[in-house]
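**Q** this one's sequence-less:
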């Protein structure tokens, strides 16, 4: 097994957030580095009122880091924030090290974890768009055969750095992503009568473990950030009558780059189109409200915060005693419909299944509608979105449909029927 590259982590604490929260982001950066396959040998955090506009950190700290890197044969610095092109260049020139910022590190992990054609295309698109804004290496080259963090990725081995060529490549990839989205929409239309549920949450909260438990799948699930990049959909049955479509999705993270969200839009379509979101939260994490907020921020960007969301607090087997009792009481006060489970041990799964059955019961109503025969488009729509149990044609040119219809469609359907009958009445006058 080849030796892992050594890296130094660098951060700047400005005091705009609590020190405890900032230290968590540095620990997360260390875990990201480990996931990327490198060894962290040293961590520097400098306290500044604001980052240095030229070098992000102070000149004295740069000299200190440069000296340590030279003496310990470290050639890569990873920063806990995104850097401007000039900052990256200036730091690299003064330390003679490869400089990687937080987004580049995340993209590198995505590149190594991309296993399907869809995720590889999306990662390459995100890397290209971010590199375009960063002007990496002054656009002398952007090679994927150099190796090392910040340069790995699927796709071509050499990309000419001319801006026009980059834009051309981006357009090609965007078209491929659009084709993938269209294909996904076709598949989704075939199952639109089935209630769909998407698992969402911070990375490494146990979404894939829960997915495996509910579906009896063997999806890759490790104690690792971004173990899942591709969405996976399976049909599950929570009782003898109702099938549901369950999708495991990519995990979110603090300050997830907007371009990354945009590039993975086709993967996140399952979240956008879902009838219910199950927000999985790691109960054992300190400051879990910050993790909830980070996920909500991405959901807001996807414009899905108004959907039905079931909060699922996972890993309750790792929290015990009076603290668990206090925390559970506090969370139930804020999220009354939430459930507490352990996807690893199966604890709380009966309660989760009950919540899903409750949602299904509320989602569709069984009703009988008397629809004028002329309203064929509406009748077709009901067949499309609902489950027609019985159809009778009456002598007065109306059709009686008994169907189970999603509740959010019922008001509009009734309004269309009433409007049509009112117009018929007016015309007869």
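**A** Thanks, I have the structure now. Remember, it's a predicted structure, so these values are computed and weren't measured experimentally.

**Q** Would you mind checking the average pLDDT for the helix or strand harbouring residue 379?
**A** Following DSSP states H and E, one finds residue 379 within helix 376-385. In this model, helix 376-385 has an average pLDDT of 88.

**Q** How about stretch 114-131?
**A** Mean pLDDT, stretch 114-131: 77.

**Q** That stretch: which residues count as buried?
**A** Neighbour-count burial for stretch 114-131 flags 114, 118-131 (criterion: 16 or more other CB atoms under 10 Å). In this view, the C-beta of every residue, glycine as well, is placed from N, C-alpha and C.

**Q** Sketch out the low-pLDDT regions of the chain for me.
**A** Judged against pLDDT under 70, the low-scoring parts of the chain cover residues 1-2, 115, 132-163, 184-193, 218-230, 239-241, 256-260, 262-267, 429.

**Q** Walk me through the domains of it.
**A** In terms of domains, the chain is parsed into 6-100, 114-177, 191-347, 364-428 (source: automatic domain parsing).

**Q** Need the three-state assignment for the spatially closest residue to residue 307 that is not a sequence neighbour.
**A** In space, not counting the residues next to it along the chain, residue 307 is nearest to residue 277; the distance is 5.5 Å by CB to CB, 6 or more residues apart in numbering. At residue 277 the chain is in strand, as set by DSSP: H, G, I helix; E, B strand; the rest coil.

**Q** got it, and the one 4 residues further on?
**A** With three-state DSSP as the basis, the three-state label of residue 281 is strand.

**Q** hmm, back to that, mind checking the domains of the chain for the one nearest to residue 107?
**A** Each of the domains of the chain was scored for nearness to residue 107 using CB to CB, and the closest is domain 114-177 (5.2 Å).

**Q** end to end, how far does that closest one reach?
**A** Domain 114-177 has an end-to-end distance of 15 Å (CA to CA, to the nearest Å).

**Q** do the same with stretch 52-64
**A** Terminal-residue distance, stretch 52-64 (CA to CA): 16 Å.

**Q** Quick one: distance of the longest helix that the chain contains to the chain centre.
**A** Across the chain, the longest stretch assigned as helix under DSSP state H is helix 163-190. A distance of 19 Å separates the C-alpha centroid of helix 163-190 from that of its chain, computed with CA atoms, centre = their mean, to the nearest Å.

**Q** helices and strands around it, which ones?
**A** The helices and strands touching helix 163-190, judged by 3 or more CB pairs under 8 Å, 6 or more residues apart in numbering; DSSP states H and E, are helix 117-134, strand 158-159, helix 265-273.

**Q** mind redoing it with 6 Å?
**A** Of the remaining helices and strands, those touching helix 163-190 by 3 or more CB pairs under 6 Å, 6 or more residues apart in numbering; DSSP states H and E are helix 117-134, helix 265-273.

**Q** For residue 182, which of these is the nearest?
**A** So among the helices and strands packed on helix 163-190, helix 265-273 is nearest, using CB to CB, at 9.2 Å.

**Q** quick one: residue 425 is in a helix?
**A** Yes. Judged by three-state DSSP, residue 425 forms part of a helix.

**Q** That one: how many residues sit nearby?
**A** 9 (other CB atoms under 10 Å).

**Q** Likewise for residue 325?
**A** 11.

**Q** what's the angle from whichever strand or helix holds it to strand 276-282?
**A** When elements are assigned from DSSP H and E, residue 325 belongs to helix 321-334. Relative orientation of helix 321-334 with respect to strand 276-282: 150 degrees, computed using axes from the mean of the first three to the mean of the last three CA atoms, to 10 degrees.

**Q** can you tell me which helix or strand residue 208 belongs to?
**A** When secondary structure is defined using DSSP H and E, the element that contains residue 208 is helix 207-215.

**Q** Pretty sure residue 200 sits in a strand.
**A** Yes. With three-state DSSP as the criterion, residue 200 is assigned to a strand.

**Q** Now do the contacts for it.
**A** Residue 200 makes contacts with 249, 271, 277, 279, as judged by CB atoms under 6 Å, 6 or more residues apart in numbering.
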